[in-house]
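Student: everything below, folded, please.
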Amino acid sequence: MKKYIVLLSIFILFFVGILITTRILDDGSEVSERPVAGLFGNNSASSSGGDVLDSMHGQGKELEMSAETVFVDNPEGNYSAEIEITVEAKLSGEDWNIRNEAGLTNSNIASTMKECSGMYGYANLDASQKQLYAEILLVYRGQTSKVPLCSIDEKMVETVSTCVLLDHPEIFYAEGYSYEQYLFAGNIQKILYSPNYTMTSVQIAQQENMIAQAVDNYLAQLPANATDYDKVKYVYEMIILNTEYNLEAPDNQNICSVFLGGESVCLGYAKAVQYLLQQLNVEATVITGSVISGESHAWNLVKVNGQYYYLDATWGDASYTSAGGEERALSNINYDYLCITTQDLLKTHIIEHPISVPNCIVQIDNYYVKEGLYLTSMDTMLVENIFNTAKSQGRTCVAIRCSNSTVYQEFQTNMLDNQHIFQYLGSGTTTLAYTTNDKLYTYTFML
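Tutor: Got it, this is the predicted structure:
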């Protein structure tokens, strides 16, 4: 008898313990809570000189849902404007109300999907991921929190969240996000999504107004008849000339650091380039990865005259070179990374993007090719013309690219080893200052 009393007492204590460790949600469901790893983990990666690509990280926790929860279907049905709206999550009536108040209605989702059709990240997702993309974007735009999403796939939420933030540099007011994952009998029932906002709605509006003024100033000198190439080159130059590389810059993971502070790191540079090009109707997105030395990095993929190219404004900025402890560049702008191919990019960069990226093979709008600074042979007449043009335009330096290692070596032999370079620098010149890029076969000479 005593044994049964002891067992009953243990059972009662265990049951009371469970009640103590549970809490009641707003919708009346009982849950128990435990943390889970963030979607991107808790590790922050250093990037090009030490900046951190942490503004897209997620942090989550799991909660156990009660069997008493009553689930209901989408009150609006499954279609809007001929777009199928699919919700895998098990949602209560209160969950649907929260979605509605956050703007995640069928019509808003459908219109947002159409609006984002031309963005690179969105365009490379499948149908279900595109709906999730629209929902997450609406959450950020509405500055809401704890919003039930359509998906119960945490990996999909990870991928799509990254695509949203890489496509939308105007989202400067959040750093990462958190989520609550509700389970029943070990199966995920729903995911509530909450961006980690860093500003109030009033502060966001103030920053947006100041950014708009700064952008107007940035774009004021762009010719009205500018081509895609002209726009990309102009933005590349403006970002570099008006931004200093600084690991300690405030807001250096977003566009505020560039447009309002004039100092940033690689992700800030890339988002600012993207933001300006989007204002000019040039397709641009941010690409993430690392450099061959191992540090995490960010740069851009742009579409010029129907063809994709890469550009890296951070590596084009002499202030970045100086910050890395390297010898100061001859020019404030290095054009080696303006509209380059995948083959050229991979000599120094490693692509580690959440979705596939194109193989960029066209060179017609590469800076050196477009500007007539590209040698396919040791053409002394072309070299002379390049130097004469630079001097007539008042430039302080000349940059030339060779098409391959053979031409690069021929240039070295003819111009440097045999010292023919002095006949192009001008009479009386006895000293020579130059830099080289052995990966991309370029030479830059001080005039």
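
Student: right, and residue 234 touches residue 226 too?
Tutor: Yes: counting by C-beta atoms under 8 Å, residue 226 is a contact partner of residue 234 at 6.8 Å. All C-beta spots, glycine's among them, are computed from the backbone N, C-alpha and C.

Student: with neighbour numbers in mind, choose between these two.
Tutor: Under the criterion of other C-beta atoms under 10 Å, the comparison of residue 234 against residue 226 puts residue 234 first, with 19 against 15.

Student: and the more buried one, how far from residue 269?
Tutor: The spacing between residue 234 and residue 269, counted by C-beta to C-beta, to the nearest Å, is 15 Å.

Student: do residue 281 as well
Tutor: On the measure of C-beta to C-beta, residue 281 and residue 269 end up 21 Å apart.

Student: swap in residue 121?
Tutor: 19 Å.

Student: list the residues that contact residue 142.
Tutor: Applying C-beta atoms under 8 Å, 6 or more residues apart in numbering to residue 142 gives the contacts 102, 103.

Student: correct me if wrong: residue 254 contacts residue 271.
Tutor: Yes: the criterion here is C-beta under 8 Å, and residue 254 meets it with residue 271 at 6.2 Å.

Student: shared neighbours, those two?
Tutor: Common neighbours of residue 254 and residue 271 (C-beta under 8 Å, 6+ apart) are 169, 172.

Student: which of the two has more neighbours?
Tutor: residue 271 (31 against 27).

Student: is it true that that one lies in a helix?
Tutor: Yes: counting by DSSP: H, G, I helix; E, B strand; the rest coil, residue 271 is found in a helix.

Student: and the pLDDT for the nearest residue to it once chain neighbours are set aside?
Tutor: Distances taken as C-beta to C-beta, 6 or more residues apart in numbering place residue 169 nearest to residue 271, at 3.9 Å, with adjacent residues excluded. At residue 169, the model reports a pLDDT of 98.

Student: now swap in the one 5 residues further on and tell me
Tutor: Reading off the confidence values, residue 174 has pLDDT 96.

Student: spit out the contact partners of it.
Tutor: 55, 140, 195, 196, 197, 198.

Student: picking up where we left off before, residue 121 and residue 269: who's more crowded?
Tutor: Taking other C-beta under 10 Å, residue 121 and residue 269 do not tie; residue 269 has more neighbours (32 against 23).

Student: element containing residue 60?
Tutor: Assigned by DSSP states H and E, residue 60 belongs to strand 58-64.

Student: give me the buried positions along that strand.
Tutor: The neighbour-count check on strand 58-64 (16 or more other C-beta atoms under 10 Å) flags 58, 59, 60, 62, 63, 64 as buried.

Student: what's across from residue 181 in the sheet?
Tutor: For residue 181, the beta-bridge partners are residue 62, residue 191 (DSSP bridges).

Student: distance check, it against residue 411.
Tutor: From residue 181 over to residue 411 (counting by C-beta to C-beta), the distance is 59 Å.

Student: neighbour count for these two, which is higher?
Tutor: Neighbours per residue (other C-beta under 10 Å) separate residue 181 from residue 411, with residue 411 holding more: 24 against 19.

Student: what helix or strand is the more buried one on?
Tutor: Element membership for residue 411 (DSSP H and E) is helix 405-411.

Student: ok, residues contacting that helix?
Tutor: 375, 376, 377, 378, 400, 402, 438, 441, 443.

Student: got the CA coordinates for the helix or strand that it is followed by in CSV?
Tutor: For helix 405-411, the following helix or strand on the C-terminal side (DSSP H and E) is helix 422-425. Taking Å, rounded to 0.1, in the frame of the first residue of the first chain, the C-alpha atoms of helix 422-425 are listed here in CSV:
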residue,chain,number,x,y,z
PHE,A,422,59.0,56.2,-70.5
GLN,A,423,58.3,57.2,-74.1
TYR,A,424,54.6,57.3,-73.2
LEU,A,425,54.9,59.1,-69.9
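
Student: report the distance from helix 422-425 to the chain centre.
Tutor: Chain-centre distance of helix 422-425: 43 Å, with C-alpha atoms, centre = their mean, to the nearest Å.

Student: who are the packing partners of the strand holding residue 60?
Tutor: Judged by 3 or more C-beta pairs under 8 Å, 6 or more residues apart in numbering; DSSP states H and E, strand 58-64 is in contact with strand 30-36, helix 154-167, strand 174-184.

Student: looking at the buried residues of strand 58-64, which is nearest residue 136?
Tutor: residue 58 (10.9 Å; C-beta to C-beta).

Student: quick check: that closest one vs residue 162, distance?
Tutor: Per C-beta to C-beta, residue 58 is found 9 Å from residue 162.

Student: so where's the stretch 151-300 of the chain uncertain?
Tutor: Scanning the stretch 151-300 of the chain for pLDDT under 70 picks out nothing.

Student: okay if I get the contacts of residue 174 as a markdown table plus neighbour count and distance to residue 155?
Tutor: Below are these laid out as a markdown table (neighbours: other C-beta atoms under 10 Å; distance: C-beta to C-beta, whole Å):
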| residue | neighbour count | distance to residue 155 |
| --- | --- | --- |
| 55 | 21 | 20 |
| 140 | 20 | 20 |
| 195 | 23 | 19 |
| 196 | 15 | 20 |
| 197 | 17 | 24 |
| 198 | 17 | 26 |
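
Student: what about the residues you listed, which are in strands?
Tutor: Using DSSP state E, the subset of those located in strands is 195, 196, 197.

Student: out of those residues, which one sits closest to residue 206?
Tutor: residue 197 (14.5 Å).

Student: quick one: residues contacting the residue nearest to residue 271.
Tutor: By C-beta under 8 Å, 6+ apart, the contact list for residue 169 reads 254, 255, 271, 272, 274, 275, 278, 286.

Student: 6 Å instead, please
Tutor: Counting by C-beta atoms under 6 Å, 6 or more residues apart in numbering, residue 169 makes contact with 255, 271, 274, 275.

Student: go on, residue 342?
Tutor: Contacts of residue 342 (C-beta under 6 Å, 6+ apart): 359, 360.

Student: if you set the cut-off to 10 Å instead, what comes out?
Tutor: Remark: with contacts taken as C-beta atoms under 10 Å, 6 or more residues apart in numbering, residue 342 is in contact with 301, 308, 309, 310, 349, 351, 357, 358, 359, 360, 361.

Student: any idea where the strands of the stretch 301-447 of the chain begin and end?
Tutor: Remark: strands assigned in the stretch 301-447 of the chain by DSSP state E, counting those that start in this stretch are 307-311, 338-340, 349-351, 374-375, 397-402, 434-437, 442-446.

Student: that older thread, between residue 234 and residue 226, which contacts overlap?
Tutor: Between them, residue 234 and residue 226 share these contacting residues under C-beta under 10 Å, 6+ apart: 219, 280.

Student: highest neighbour count among the contacts of helix 405-411?
Tutor: Most surrounded of those: other C-beta under 10 Å gives residue 441, at 24 neighbours.
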